[in-house]
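Novice: just a sequence and a predicted model for now, questions to come.
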Amino acid sequence: MSFLDKLHDINTIILDVDGVLTDSSVYVLEDGVLMRKMNVRDGYAIKHAINKGYRVIIITGGKSEGVIKRLENLGVQEIYSGMQDKLEAMDELIEVYGLDLSSSAYMGDDLPDYESLRLVGLSTCPANAAPEIREICQYISPFKGGEGCVRDLIEKILKVQGKWVETDVVNLTKDKPRDF
């Protein structure tokens, strides 16, 4: 089955944070606080997918409260942070929610994502993922982590399924704040 064929069956999108939603950089402030940079277009795509009925799940080794708040503001309800063993989160998703991994896409960039990527129906990664990850992924985005790779994946899924519609995308008015 080709990559494009697999897009038709996806109803769940599982994402790593560092190296996928961010560019892998961590800014260290003098007080020890770590800061990350995220792409607004990735955020819009996440919010749009959730509004269209897709389940978006985050599994990350990081524990940033700022990242969690941002993702919650986008509408993400299932956030697994501080996960040193990402398979533990995958097992919980299967057990608690009955998640069908064959209709799930996972985007990861480094070795902690390796086993999870092998379990899902569609394994994906950013252009600058670790070589071992690029080797096993069915789709490698032309965009780097934190530079639109998530938007690329979500847009492809929604377009193939007929849910990325211009009139839906441009549904912004002056009295509606942009929170993506």
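Specialist: Great, that's in hand.
Novice: pretty sure residue 116 sits against residue 87.
Specialist: Yes. Between residue 116 and residue 87 there is a contact under C-beta atoms under 8 Å: 6.4 Å. Just so you know, the C-beta spots here come from the backbone N, C-alpha and C atoms, and that holds for glycine as well.
Novice: what's near enough to touch residue 104?
Specialist: Listed by C-beta atoms under 8 Å, 6 or more residues apart in numbering, the contact set of residue 104 reads 10, 11, 12, 13, 14, 120, 121, 122.
Novice: and residue 116 and residue 87? Which one has more around it.
Specialist: The neighbour comparison of residue 116 against residue 87 (other C-beta atoms under 10 Å) goes to residue 116, with 22 against 14.
Novice: any idea how far that one is from residue 48?
Specialist: 24 Å (C-beta to C-beta, to the nearest Å).
Novice: can you check residue 115 too?
Specialist: Going from residue 115 to residue 48 by C-beta to C-beta gives 29 Å.
Novice: the two: which has the busier surroundings?
Specialist: residue 48 (23 against 14).
Novice: so where does that one fall, helix or strand?
Specialist: Counting by DSSP states H and E, the element that carries residue 48 is helix 40-51.
Novice: which helices and strands does that helix pack with?
Specialist: With contacts defined as 3 or more C-beta pairs under 8 Å, 6 or more residues apart in numbering; DSSP states H and E, helix 40-51 has these neighbours: strand 55-59, helix 149-160.
Novice: quick one: contacts for residue 19?
Specialist: 108, 109, 110, 126, 128, 129, 145, 146.
Novice: cutoff 7 Å now
Specialist: Counting by C-beta atoms under 7 Å, 6 or more residues apart in numbering, residue 19 makes contact with 109, 110, 126, 145.
Novice: CSV please, covering those residues and showing pLDDT.
Specialist: CSV is the format used below for the contacts of residue 19 (pLDDT from 0 to 100):
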residue, pLDDT
109, 98
110, 97
126, 98
145, 98
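Novice: of those residues, grab the buried ones for ChimeraX.
Specialist: To isolate the buried members of the contacts of residue 19 in ChimeraX, using 16 or more other C-beta atoms under 10 Å:
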select :109,110,126,145
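Novice: from the contacts of residue 19, pick the one nearest residue 165.
Specialist: For those, the minimum distance to residue 165 (C-beta to C-beta) is 25.9 Å, reached by residue 126.
Novice: give the contact list for that closest one.
Specialist: By C-beta under 7 Å, 6+ apart, residue 126 lies in contact with 19, 20, 109, 141, 143, 144, 145, 149.
Novice: pretty sure residue 81 sits against residue 69.
Specialist: No. Look at residue 81 against residue 69 with C-beta atoms under 7 Å: they stay out of range, at 11.3 Å.
Novice: between the two, which one's more packed in?
Specialist: A direct count of neighbours by other C-beta under 10 Å for residue 81 and residue 69 places residue 81 higher, at 17 against 10.
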